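Participant: Using only what follows, build the 3D model:
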Amino acid sequence: MARKEMANRSTRHRVPRVLDVTLHELSDSGLIVRDIRIPARVENFSQTGFRVCSPKRLIPFSSVLCEISAEGTQVGVPTIAQVRWVEKLKSGDYGIGLQYLL
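Facilitator: From the prediction side, this is the model:
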């Protein structure tokens, strides 16, 4: 990851928050690529996006449908985001930076 990207990421005010999120990969046309649910966990968010941790690596600059679970409910709040960066974590999972598109 380039230093400039790291600097840009760290300048945004981030709110730490752990929430469950389900991701669905989207095609270029905006359709769900496969009806496979990718489990992830929101670690923090800002006005422009959020960081998740997931066992599955996503492709940078691809789009994903995100269903963020509201705490204590079975309600999923949908949004669409673009994968901005991906990093392999020591745990074997992936840290993924997502930028809101919708």
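Participant: and the helix or strand encompassing Arg84, what other elements does it pack with?
Facilitator: In this assignment (DSSP states H and E), Arg84 forms part of strand 76-88. Secondary-structure packing of strand 76-88 (3 or more Cβ pairs under 8 Å, 6 or more residues apart in numbering; DSSP states H and E): strand 49-54, strand 63-69, strand 94-100. Every residue, glycine included, has its C-beta placed from N, CA and C.
Participant: and for that strand, what are the contacting residues?
Facilitator: For strand 76-88, contacts defined as Cβ atoms under 8 Å, 6 or more residues apart in numbering pick out 1, 5, 9, 22, 26, 30, 49-50, 57-70, 94-102.
Participant: what pLDDT, on average, does it get?
Facilitator: When pLDDT is averaged over strand 76-88, the result is 95.
Participant: Make 9 the starting number, not 1.
Facilitator: Got it, the first residue is 9 from now on, which makes the last one we talked about strand 84-96.
Participant: I'm done for today, thanks for sticking with me.
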